[in-house]
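> Return atomic coordinates for the entry below.
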Amino acid sequence: MLRHLLPLALLCLFPAALHAQGACEPGPVALVLSGGGAKGIAHAGAIAALEARGIRPDLVVGTSMGAVVGALYASGHGARALDSLARALPLAQAFRGYRPEPPAVFADRPPLLVWAEERGHLELQASAVEVPLVNRLLATELLEANLAAAGDFDRLPIPFRAVAADLLADSLVVFRRGDLAAAVRASASIPIVFPPLEIDGRRLVDGGIVANIPVAVARAEGAARVIVVDVSDHLADSLDVDSPLAISAHLVNLLSRQPLPLLGPGDLYVRPQVDGLDALDFRPARLDSLLLLGRLAADSALDAGGCPFPAAVAPSPGPPVAPSVLQVGTVRVVGLPPEEGARLARALQLVPGSTLRVDTLRHRVAVVMEREALRELWLMRDGGDPAGITVRARPPARRRAVLGAAFDADLGGRAWVGIMDRALVSPAWEGSLALAFGADRTSLDAGIRRRFPVARLVPTLAVRIASERVEFFDGDLATTDAEGRQVTAFLGLEAILGRGWSAALGGEAIAWDDSGEPGRSTGGAALRLLRLGAPGEHLADLSGLVTPEWSLARAAARFDGSLGPLRLRPALRAGWGNGVPLSLTQPLGGWHGFPGLPMGDRRAERELYAALAGDVRVRGAVRVIGELAAGRARPLQAGDYPDEVIAGGRIGLGVSTRLGPVAVAWGRNDAGGEQWVVRVGEWF
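You can find the predicted model right below:
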């Protein structure tokens with residue numbers, strides 16, 4: 001009986017053997033990259049493993065973060081370049097939980113709430129992501145590849161497909177042609193986190209909703225075999241309901257839950273161990289582990305055997321084949337009125353019949369978007385020479401309103417409100433008005449500036465009316481008060497320099513009245529160089545004012561670093577003045593204060609200050625905070641306080657809340673001063 005069954009069994013196994021043998025035959029290989037948010041950084045590690053073995057796919061298909069990494073890889077960025085980009089791009093800055101995004105004119109003040117005009121009325125901003133920053137990064141980082149593709153993704157060093165979902169039709173959308181950056185942005189439009197992107201009348205969202213692991217798309221595009229890198233997540237057992245980003249990440253996982261596509265014996269499945277990691281945690285500390293997890297998983301899958309993937313003749317795809325200089329042909333701007341479209345084309349230096357360096361165009365795109373002149377800016381060229389350029393833009397909200405507030409146990413409460421209109425006088429000019437008030441200081445700021453600069457320099461007129469009560473201290477007690485009133489008018493040029501830097505240069509007229517002195521006025525030349533991190537977060541601030549009556553120069557810088565779990569923030573301040581008005585003087589250490597001194601003490605026109613602050617997380621959002629500082633301030637009048645260097649330190653607890661940081665700390669200095677600090681929010 002058995003001898004009759006054996007031939008039958010062999011006959012049954014023979015077709016399967018033939019199928020397995022056929023699956024190993026050469027054929028187009030597609031690299032399929034799943035969605036997974038920040039965990040998609042592991043894709044770069046998997047690509048590094050493939051490159052190390054000389055494996056180069058014939059097609060790249062990506063969904064969501066897989067589309068972002070896949071587009072960069074298909075455009076010619078190898079594993080090493082992807083690693084460098086992941087570290088260089090400010091992804092953590094874009095995904096920091098709920099953080100209001102004020103208009104650029106108010107970016108130097110800490111906001112609490114922001115409203116934007118949508119559909120004719122103001123709506124509270126609720127996004128947990130800096131959408132304009134993400135749009136700018138995609139538009140600039142993929143610009144060269146976009147120009148090289150000229151609307152056809154098969155022209156990239158490796159053909160590429162991005163997968164998105166039509167929100168209204170609930171259908172799959174595969175991008176083979178069009179604007180590369182816009183296609184990737186559509187594929188990565190995570191619901192709730194990002195607004196849908198409208199392309200050709202369709203409202204598109206994250207492709208993970210319909211095909212998080214788009215193997216079927218790769219097969220339909222002609223792939224005989226696939227290499228799948230899957231960084232999708234299982235649902236977590238618990239959820240931090242107080243964290244908007246945690247809720248968004250949970251929704252991403254919920255919406256993208258799909259069965260694993262059917263894979264054949266000739267396919268390779270790579271599964272990095274990313275379960276439990278936050279899908280929206282882009283902190284630099286996570287990058288190394290994600291890259292390593294991707295590399296280890298790919299190496300393990302490749303070592304497991306099965307059908308080998310032959311090494312390519314040219315393993316590295318090489319840089320995108322984009323011209324360094326564009327011969328500009330026709331220019332078409334879509335989404336803006338003709339007059340505004342013409343101004344945008346001039347701002348980008350897209351003049352028909354001219355030549356333009358691609359790196360200049362890249363810088364122009366970044367500057368225009370950083371200045372918030374547009375909510376979206378996507379650029380595509382056709383395959384001709386001179387190049388026909390299509391610019392698709394989405395105007396920003398015309399009006400935005402901002403509210404900020406803070407509390408200090410010594411200084412009391414402070415609040416500010418601001419409103420900005422992007423077409424106050426005409427579509428080319430924006431106006432702003434801000435009122436700040438508290439127990440110690442009140443100010444009213446009004447300004448008007450050009451919205452669409454033809455050059456990087458923006459004509460600006462700004463007026464400030466301010467009043468401040470200044471306390472002079474004797475030990476821990478305030479002994480005398482003085483009041484300084486001031487009106488200033490600045491007329492000059494502003495410039496957005498990129499990477500958070502801005503500059504202003506012009507003339508400033510000042511009228512002031514210090515208590516006990518007659519009113520005076522003067523004018524002079526003013527300069528300011530500023531670098532911002534988060535809204536209201538000054539990383540560098542250099543200013544100078546020279547008048548016939550007096551001169552004033554200030555410089556301040558703050559740096560962010562880490563030493564293991566310890567976050568470090570060194571800071572430096574220096575100021576030099578000669579007979580400046582009372583309202584232009586500042587306390588030692590600025591409004592951050594000096595350890596052991598009452599807030600606002602040692603008011604001076606000349607100051608040197610250095611500090612090293614640090615904190616370490618102990619539980620959840622609670623951190624132990626500490627600071628060491630040393631400084632010297634020249635008294636305004638002899639006898640106000642000793643002209644000497646003092647040193648001190650603080651220690652306490654800090655908590656991150658939706659109202660901003662909350663800090664309680666005790667400080668002491670070697671001059672005998674002790675002081676508790678209780679503060680809610682960022683002081684301004």
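> excluding its backbone neighbours, what's nearest residue 339?
Nearest non-adjacent residue to residue 339, counting by CB to CB, 6 or more residues apart in numbering: residue 427, 6.7 Å away. C-beta: built from backbone N, CA, C; applies to glycine.
> Pretty sure the one you found sits against residue 336.
No. Taking contacts as CB atoms under 8 Å, residue 427 lies outside contact range of residue 336: 9.3 Å.
> And the two? Which one has more around it.
residue 336 (20 against 17; other CB atoms under 10 Å).
> In contact with the more buried one, which residues?
With contact set as CB atoms under 8 Å, 6 or more residues apart in numbering, residue 336 has these partners: 344, 393, 395.
> and which of those is nearest to residue 432?
Distances from residue 432 to these, taken as CB to CB, are shortest for residue 395 (17.5 Å).
> List the residues that contact that closest one.
Contacts here follow CB under 8 Å, 6+ apart; on that basis residue 395 touches 335, 336, 340, 374, 375.
> Farthest pair within those?
Once CB to CB is applied, those give 340 and 375 as the farthest pair, at 13.1 Å.
> Which one of the two is surrounded by more residues?
residue 340 (20 against 17).
> For the chain, which segments count as helices?
For the chain, the helices identified by DSSP state H occupy 2-23, 42-52, 65-74, 79-88, 91-94, 131-141, 143-149, 180-187, 208-211, 215-220, 244-255, 284-303, 338-347, 358-370, in order along the chain.
> out of those helices, which comes closest to residue 400?
Minimum separation from residue 400 across those (CB to CB) falls at helix 131-141, 12.3 Å.
> on contacts alone, who are the packing partners of that closest one?
Taking 3 or more CB pairs under 8 Å, 6 or more residues apart in numbering; DSSP states H and E as contact, the helices and strands that helix 131-141 lies on are helix 91-94, helix 180-187, helix 358-370, strand 376-381.
> Can you report how many residues neighbour the nearest residue to residue 202 once chain neighbours are set aside?
Closest residue to residue 202 in three dimensions, ignoring its sequence neighbours and counting by CB to CB, 6+ apart: residue 166, at 5.0 Å. Neighbourhood size, residue 166 [other CB under 10 Å]: 18.
> and residue 166, what is it in contact with?
Shown in contact with residue 166 (CB under 8 Å, 6+ apart): 172, 173, 202, 203, 204.
> These: which two are farthest apart?
Looking at the contacts of residue 166 by CB to CB, the two members farthest from one another are 172 and 203, with 14.5 Å of separation.
> Worst mean pLDDT among the helices and strands packed on helix 131-141?
Lowest mean pLDDT of these: helix 91-94, a mean of 66.
> Is residue 486 in contact with residue 581, as I believe?
Yes. A contact is recorded between residue 486 and residue 581 when judged using CB under 8 Å, the distance being 6.2 Å.
> Residues in contact with both of those two, list them for me.
510, 512.
> The two: which is more packed in?
residue 581 (22 against 19).
> Run a quick neighbour tally on the closest residue to the more buried one other than its chain neighbours.
Sequence neighbours aside, residue 512 is the residue nearest to residue 581 in space, at 4.2 Å (criterion: CB to CB, 6+ apart). Other residues within reach of residue 512, judged by other CB under 10 Å, total 21.
> isn't residue 512 right next to residue 483, touching?
No. Under the criterion of CB under 8 Å, residue 512 is not in contact with residue 483, lying 11.0 Å apart.
> Most neighbours of all the contacts of residue 166, which one?
Using other CB under 10 Å as the contact criterion, the top neighbour count among the contacts of residue 166 goes to residue 204, which has 23 neighbours.
> contacting residues for the residue nearest to it when sequence neighbours are not counted?
Nearest non-adjacent residue to residue 204, counting by CB to CB, 6+ apart: residue 186, 3.9 Å away. For residue 186, the set of contacting residues under the criterion of CB under 8 Å, 6+ apart consists of 162, 164, 173, 175, 197, 199, 204, 205.
> From residue 139, how far off is the residue nearest to the fifth one when sequence neighbours are not counted?
Excluding its sequence neighbours, the residue lying closest to residue 197 (CB to CB, 6+ apart) is residue 186, at 4.4 Å. Distance of residue 186 to residue 139, given as CB to CB, to the nearest Å: 13 Å.
> cool, and residue 45?
For residue 45, the distance to residue 139 under the criterion CB to CB works out to 26 Å.
> relative to helix 131-141, how tilted is the strand ranked longest in the chain?
Of all the segments of type strand in the chain, defined by DSSP state E, the longest one is strand 477-498. With axes from the mean of the first three to the mean of the last three CA atoms, to 10 degrees as the basis, strand 477-498 and helix 131-141 are set at 40 degrees to each other.
> And strand 477-498, what does it pack against?
Partner elements for strand 477-498 (3+ CB pairs under 8 Å, 6+ apart): helix 358-370, strand 457-474, strand 501-514.
> closest one to residue 567 among the ones you listed?
strand 501-514 (23.3 Å).
> So what angle separates the directions of the closest one and strand 477-498?
Angular relation of strand 501-514 and strand 477-498 on a 0 to 180 degree scale: 150 degrees, by the same axes, to 10 degrees.
> Run through who's touching strand 501-514.
Defining contact as CB under 8 Å, 6+ apart, one finds that strand 501-514 is touched by 460, 482-497, 519-532, 540, 545, 547, 581-583.
> Would you mind getting the angle between that strand and strand 457-474?
Computed by the same axes, to 10 degrees, the angle between strand 501-514 and strand 457-474 is 50 degrees.
> what comes up buried for strand 501-514?
Taking 16 or more other CB atoms under 10 Å as the neighbour-count basis, strand 501-514 is seen to contain the buried residues 502, 503, 504, 505, 506, 508, 509, 510, 511, 512, 513, 514.
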